[in-house]
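In: everything below, folded, please.
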Amino acid sequence: MVKRSSAPWTVTDGRAGNVRQAVALASALRQGTHRPLVLQPRAPWRWLAPRRLPGDVNGYGPDFAALAAQAPALAIGCGRQAAGALRVLRARGSRTVQILDPRLPSRHWDLLVVPEHDALRGSNVLTLIGSLNPVDDDWLALGRAAFADFGALPGPRTALLVGGPTPLAPWDEAAMVAVFTALAAQIRSEGGSLLATTSRRTPPALAERLRATFADLPHVIWGDGGDGVNPYAGLLGWAHRVVVSPDSVNLLSEASATRLPVMVALADTAQGRLARFQRQLHERGRLQTRWLDWQHDGIAPLRETARVAAEVHARLTLG
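Out: The predicted model follows:
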C-alpha cells in the first residue's frame, strides 16, 4: 500500500481569488507545506465541470492526471473547475474540501466551505462570513517588515483597493473617478498619503486616472504588471484606514480582517450576494456608515479562516 502524504494539495484554476482561498485554508490547517496544482482543463470538462464524464482523469491536464495516479490524502479546491477535479480525486481515495458553491449536491465532496450570503446548506457544509484569507496580526506584521519604507509615508495612510465592475456591482468608471477625487481632496486637506492597488479587472483607463489624480500627493500605487513585487500585505499593514471598491468579496473580507476602519466606495451599486455580504458587515458594525468620516473606536476584525480550519480539522479528524 502506498502511504499518502498528509500535506494537502491545493487545486484551482489559477485565478488569484480562488488560489488565495485554497492556500489560506491549507496553511491554516497546519498539515505541512501545501502543494499547489493549477488545472489545465480541456473541452468538454472546461465547460461542464463539476459534472463527471468518462475519462475525466485526463480532462484537467497532464499534471492533474499525474496527481490522480497517486491521489493525495487531502485535496482542497476552490472554484467550479476544481470542484470537478476534486470529484475525480475523491473517487480515488482522497478526502476533499471544496470552497465555494459547486452548484451540485454537497454529497459529492467530503466538506464544502461557502459564504453565508450563498444559499447552499447541508450536513457537510461549513459557512463563514465573507471569504477565506490569510490576514491576521502576524501576516500584517510580516507585510510591514517586508515593505518597511511605507512607514516613512506621512499619515494618515489610506489604503485604496480597486477591482473592476461586475454584473453584481456594475459601477461606473466616472463615479469611481469621483471617489478618487474626493479622497485626494481629503488627503490634501488633512495631510497623509495613499497606498493603492488595482487588479486585473481594473479598466486600464481607470488605472491611469488613479495615477493622475494622486500624482501630486505622497503615494504608492501598484498595478497588475510592471510595478514589481505586489506590496498588498504592506499596504494593509501600514494603512490607518481602507477604502474598497464594491465588487469583490475577497477584497472586502481581507480589509475587514484588519483592525482598521473600512469603507465601501459606491456601495449602493452592489447587488445580490455582494449586497447581502455588505449588510452582514454593517450589522456587525464592521463598515463605516458615513463617507470619509472615519471612526476608529471599537473595531473588531473579521477573521473566519482559523475557525473554519479548526472545524475542517475536527470533521476530517486530521492528525
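
In: please enumerate the strands of the protein.
Out: 9-12, 35-38, 74-78, 95-99, 111-115, 125-128, 157-161, 193-197, 219-222, 241-244, 262-264 (DSSP state E).

In: contact partners for Arg35?
Out: Contact partners of Arg35, counting by CB atoms under 8 Å, 6 or more residues apart in numbering, are Ala7, Pro8, Trp9, Thr10, Pro72. Quick note: C-beta positions are derived from backbone N, CA and C, even for glycine.

In: give me the pLDDT value at it.
Out: According to the prediction, Arg35 has pLDDT 96.

In: could you point out which of the contacts of Arg35 is nearest to Gly143?
Out: Compare each of the contacts of Arg35 with Gly143 using CB to CB and the shortest gap goes to Thr10, at 21.5 Å.

In: which residues of the stretch 101-250 of the chain score low on pLDDT?
Out: The model of the stretch 101-250 of the chain has pLDDT under 70 over residues 224-227.

In: any idea how far the residue nearest to Gly59 when sequence neighbours are not counted is from Ala85?
Out: Of all residues not flanking Gly59 in the chain, Trp45 sits nearest, at 3.6 Å (CB to CB, 6 or more residues apart in numbering). Applying CB to CB, to the nearest Å, the value for Trp45 to Ala85 is 9 Å.

In: isn't Gly84 up against Asp56?
Out: Yes: counting by CB atoms under 8 Å, Gly84 touches Asp56, with 7.0 Å between them.

In: quick one: which of those two has more around it?
Out: Per other CB atoms under 10 Å, whichever of Gly84 and Asp56 has more neighbours is Gly84, with 28 against 23.

In: which residues touch that one?
Out: If you count contacts by CB under 8 Å, 6+ apart, then Gly84 has Pro41, Trp45, Leu48, Ala49, Pro50, Arg51, Arg52, Asp56, Gly59, Tyr60 around it.

In: and it, how far from Phe64?
Out: Applying CB to CB, the value for Gly84 to Phe64 is 10 Å.

In: for Ser27, same thing?
Out: On the measure of CB to CB, Ser27 and Phe64 end up 22 Å apart.

In: okay, buried residues for the lengthiest helix in the chain please.
Out: If you go by DSSP state H, the chain has its longest helix at helix 173-190. Residues of helix 173-190 classed as buried: Met176, Val177, Val179, Phe180, Leu183, Ala184, Gln186, Ile187 (neighbour count, 16 or more other CB atoms under 10 Å).

In: try stretch 288-307
Out: So, applying 16+ other CB under 10 Å, buried residues of stretch 288-307: Gln288, Leu302, Arg303, Glu304, Thr305.

In: right, and the third one touches Asp137 too?
Out: Pointing back at Arg303 there. No: Arg303 lies out of contact with Asp137 (CB under 8 Å); the separation is 9.3 Å.

In: can you report how many residues lie near Pro170?
Out: 13.

In: quick one: pLDDT of Asp297?
Out: If you check Asp297, the pLDDT there is 81.

In: and it, how far from Ala71?
Out: 51 Å.

In: at which residues are the helices of this structure located?
Out: Assigned by DSSP H, the chain shows helices spanning 16-29, 45-48, 62-69, 80-91, 137-146, 173-190, 204-213, 232-238, 249-256, 272-283, 305-315.

In: reformat those as JSON lines; add distance to Pro105.
Out: Shown next, in JSON lines, are those (distance: least, CB to CB, whole Å):
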{"stretch": "helix 16-29", "distance to Pro105": "21"}
{"stretch": "helix 45-48", "distance to Pro105": "16"}
{"stretch": "helix 62-69", "distance to Pro105": "22"}
{"stretch": "helix 80-91", "distance to Pro105": "11"}
{"stretch": "helix 137-146", "distance to Pro105": "35"}
{"stretch": "helix 173-190", "distance to Pro105": "40"}
{"stretch": "helix 204-213", "distance to Pro105": "41"}
{"stretch": "helix 232-238", "distance to Pro105": "36"}
{"stretch": "helix 249-256", "distance to Pro105": "23"}
{"stretch": "helix 272-283", "distance to Pro105": "20"}
{"stretch": "helix 305-315", "distance to Pro105": "18"}
